[in-house]
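Chemist: Kindly return the folded structure for what I paste below:
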Amino acid sequence: MSRVPAEALGRKLTEGPISSTLLRLAWPLMLSNLLQTLYNFTDRFWLARHSSVGIAALALSWPLVFLVLSLGGGVTIAGTALVAQYTGARRTPEANLAAGQVMAFVAVVSVVLAAAGFFAARPILALMGAEPALTAAAAIYLRILYAGIPAMFGTFVVTALLNGSGDTVTPLWLMAGSVLLNAGLDPVLIFGLGPFPKMGIAGAAVATVIARTVMSIVGFSLLFSGRLRVHVRVPDLRPRWGLIRRIVAIGGLASIGQSGTALGFAIMNGALARIGTAVLSAFGIGNAFTSIALMPVMGLGQATATMVGQNLGAEKPLRARRSAWAGMAWSTGILLVAAAVVLAFRASLMQVFLSDPEVVSVGTDMLLLVAFAFPFMGIIQVIMGTYQGSGHTGTSMFFDLFRLWALRVPLVYILEFAFHLGPFAVWWAMLASNLGTAAVALGFFLSGSWAHRVIRDADVPTLSTDT
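Modeler: Numbering: from 1, shown residues only. Take a look at the predicted model:
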């Protein structure tokens, strides 16, 4: 691969038309996020044909995977914010240095979390109160994925750093190759095709880890090659404690918010597991379609983070604000269309996975209510991207925690144990929590508390000597 000039990768994000620039930045992110969802979609598709316990085990364990991933994933948000703002300020050496520091710090964090998660997986699952067979299957899946956390973190770091620089196409190609590899390995390892043994749910986890590892290796090679907007060198990996403290300050708050969200989902899954395996299976399948519907908007949120970061770095707060409004307008339009499709075909969508009448009935009820929350989810995603791109992750952390812990989790238990609504307690809580959080997030956004950058003019001498 020959080096591509930065200008050839797209127009500068700090000038020109806003809406078209945002969409040009966002469409690779939309496709990349859609491909990201296909990891779990493919796992669910093949595991549903292997056993109902397998797909329920995936639904039960995934929030716990997300819990550990979010602890390190928040650091990559710091990488996006810093690289975007340094790039917008035309301070390329510092952008590269920040990228190297994020890579080194996440590498250490990922090894620690992988070890802790591997040994804690089974005891945590046992506390969730699921049936013994379901707990055993989920533990197998969870421990393998925990062992592969360094590879998964690697893909997040590569994507975040390149997104911050404004290059959203390269991560798309990397993700596409990784998803294709996972899709090819899934049936082979789950069912034991050819010379491979039948691994069941363990095969789905192994396929994911292999695919992520390959993507990480290729991505890091490109970052060190100098062919992309971000060029990391070996000296950039040597600790600069001043910058690491700033990465922790920005990324730590995002990690708390994301991990709090994951823990909330784990508690919800525990409540669903107590209601029944069929309900948990329906929730897992319904979430697959909800995730697909949200992928374009998540791409818009990430693109907004980059646009806001680079424009604040270039000291253009008005353009940053207009970028955020454009992101919210597009996200609302996209999710209104997605909601209409889901409402019209919700029963057929459930039957793509399973024909079990109980699972289809519960899942259809879920999609009916959750689809009405789609536009509000989009507003939340874009505003969170705005705060993350500006580096003010404390507020985005608040949105995450408020939605789950102030609204959704209490509503689930009130509606279930006080009013005995069964799975409807979760569906109504999801709708109400997204509506309430969207209203609060809009209020914060209008206050303008996010509209100043976090990089400092004194960074060059500070970072060059702080070793």
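Chemist: contacts and neighbour counts: CA atoms only from here.
Modeler: OK.
Chemist: now could you export just the CA positions of stretch 47-65 as CSV?
Modeler: What follows is stretch 47-65, C-alpha atoms only, in CSV (Å, rounded to 0.1, in the frame of the first residue of the first chain):
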residue,chain,number,x,y,z
LEU,A,47,-25.8,-20.6,17.6
ALA,A,48,-29.6,-20.4,17.2
ARG,A,49,-29.2,-23.4,14.8
HIS,A,50,-26.9,-25.1,17.3
SER,A,51,-29.1,-24.8,20.4
SER,A,52,-31.4,-22.4,22.2
VAL,A,53,-29.1,-22.5,25.2
GLY,A,54,-26.3,-21.2,23.1
ILE,A,55,-28.0,-18.1,21.9
ALA,A,56,-29.4,-17.4,25.5
ALA,A,57,-25.8,-17.9,26.8
LEU,A,58,-24.5,-15.2,24.4
ALA,A,59,-27.3,-12.8,25.5
LEU,A,60,-26.5,-13.5,29.1
SER,A,61,-22.8,-13.0,28.8
TRP,A,62,-22.4,-10.2,26.4
PRO,A,63,-23.1,-7.3,28.9
LEU,A,64,-20.3,-8.8,31.0
VAL,A,65,-18.0,-8.7,27.9
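Chemist: Give the buried residues for that stretch.
Modeler: For stretch 47-65, the buried set under the neighbour-count rule, 16 or more other CA atoms under 10 Å, comprises 47-48, 50, 52-65.
Chemist: Repeat that for stretch 311-331.
Modeler: So, applying 16+ other CA under 10 Å, buried residues of stretch 311-331: 311-317, 319-321, 323-328, 330-331.
Chemist: try stretch 217-231
Modeler: For stretch 217-231, burial by neighbour count (16+ other CA under 10 Å) applies to 219-220, 222-223, 225, 227-231.
Chemist: okay, the residues you listed in CSV with distance to residue 23, pLDDT and secondary structure next?
Modeler: Formatted as CSV, those follow (distance: CA to CA, whole Å; pLDDT from 0 to 100; DSSP: H, G, I helix; E, B strand; the rest coil):
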residue, distance to residue 23, pLDDT, secondary structure
219, 24, 96, helix
220, 27, 96, helix
222, 25, 96, helix
223, 25, 96, helix
225, 28, 94, helix
227, 24, 91, coil
228, 21, 91, coil
229, 20, 90, coil
230, 22, 93, coil
231, 25, 94, coil
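Chemist: residue ranges with poor pLDDT in the stretch 51-200 of the chain?
Modeler: Counting by pLDDT under 70, the stretch 51-200 of the chain contains low-confidence ranges at 52, 129-130.
Chemist: What are the boundaries of the helices in it?
Modeler: 52-88, 92-127, 132-147, 149-165, 169-191 (DSSP state H, counting those that start in this stretch).
Chemist: next one: the stretch 201-350 of the chain
Modeler: Along the stretch 201-350 of the chain, counting by DSSP H, counting those that start in this stretch, helices occupy 201-225, 241-275, 277-313, 317-351.
Chemist: swap in the stretch 351-467 of the chain?
Modeler: 357-370, 374-389, 393-401, 409-413, 424-447, 459-465.
Chemist: what's next to the first one, contact-wise?
Modeler: To tie it back to what came earlier, the one meant is helix 357-370. Residues outside helix 357-370 that contact it (CA atoms under 8 Å, 6 or more residues apart in numbering) are 278-279, 281-283, 285-286, 342-343, 346-347, 350-351, 354, 423-424, 427-428, 430-431.
Chemist: Give me the buried positions along stretch 189-199.
Modeler: For stretch 189-199, burial by neighbour count (16+ other CA under 10 Å) applies to 189-191, 198-199.
Chemist: Name the nearest residue to residue 77, sequence neighbours excluded.
Modeler: residue 251 (6.0 Å; CA to CA, 6 or more residues apart in numbering).
Chemist: wait, doesn't that neighbour sit right on residue 393?
Modeler: Yes. Counting by CA atoms under 8 Å, residue 251 touches residue 393, with 7.3 Å between them.
Chemist: Can you pull out the low-pLDDT segments for the stretch 301-450 of the chain?
Modeler: Within the stretch 301-450 of the chain, no stretch has pLDDT under 70.
Chemist: Kindly provide the distance from the nearest residue to residue 377 once chain neighbours are set aside to residue 62.
Modeler: The shortest distance from residue 377 to any non-neighbouring residue, by CA to CA, 6+ apart, is to residue 434 (6.0 Å). In this view, residue 434 and residue 62 are 21 Å apart by CA to CA, to the nearest Å.
Chemist: Could you figure out how far the strand or helix carrying residue 37 is turned away from helix 52-88?
Modeler: Following DSSP states H and E, the helix or strand that holds residue 37 is helix 18-50. Put simply, helix 18-50 runs at 160 degrees to helix 52-88, going by axes from the mean of the first three to the mean of the last three CA atoms, to 10 degrees.
Chemist: what helices or strands is helix 18-50 leaning on?
Modeler: Contact analysis of helix 18-50 by 3 or more CA pairs under 8 Å, 6 or more residues apart in numbering; DSSP states H and E lists helix 52-88, helix 169-191, helix 201-225, helix 277-313, helix 317-351 as its packing neighbours.
Chemist: let's see it at 7 Å
Modeler: Applying 3 or more CA pairs under 7 Å, 6 or more residues apart in numbering; DSSP states H and E, one finds that helix 18-50 contacts helix 52-88, helix 169-191, helix 277-313.
Chemist: Distance from that helix to the middle of the chain?
Modeler: Mean C-alpha position of helix 18-50 versus that of the full chain (CA atoms, centre = their mean, to the nearest Å) differs by 11 Å.
Chemist: need the helices of the stretch 51-200 of the chain in TSV with distance to residue 17, can you?
Modeler: TSV is the format used below for the helices of the stretch 51-200 of the chain (distance: least, CA to CA, whole Å):
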stretch	distance to residue 17
helix 52-88	16
helix 92-127	24
helix 132-147	43
helix 149-165	19
helix 169-191	20
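Chemist: Please name whichever of those helices is nearest to residue 380.
Modeler: Closest to residue 380 of the helices of the stretch 51-200 of the chain, according to CA to CA: helix 52-88, at 16.3 Å.
Chemist: I'm done for today, thanks for sticking with me.
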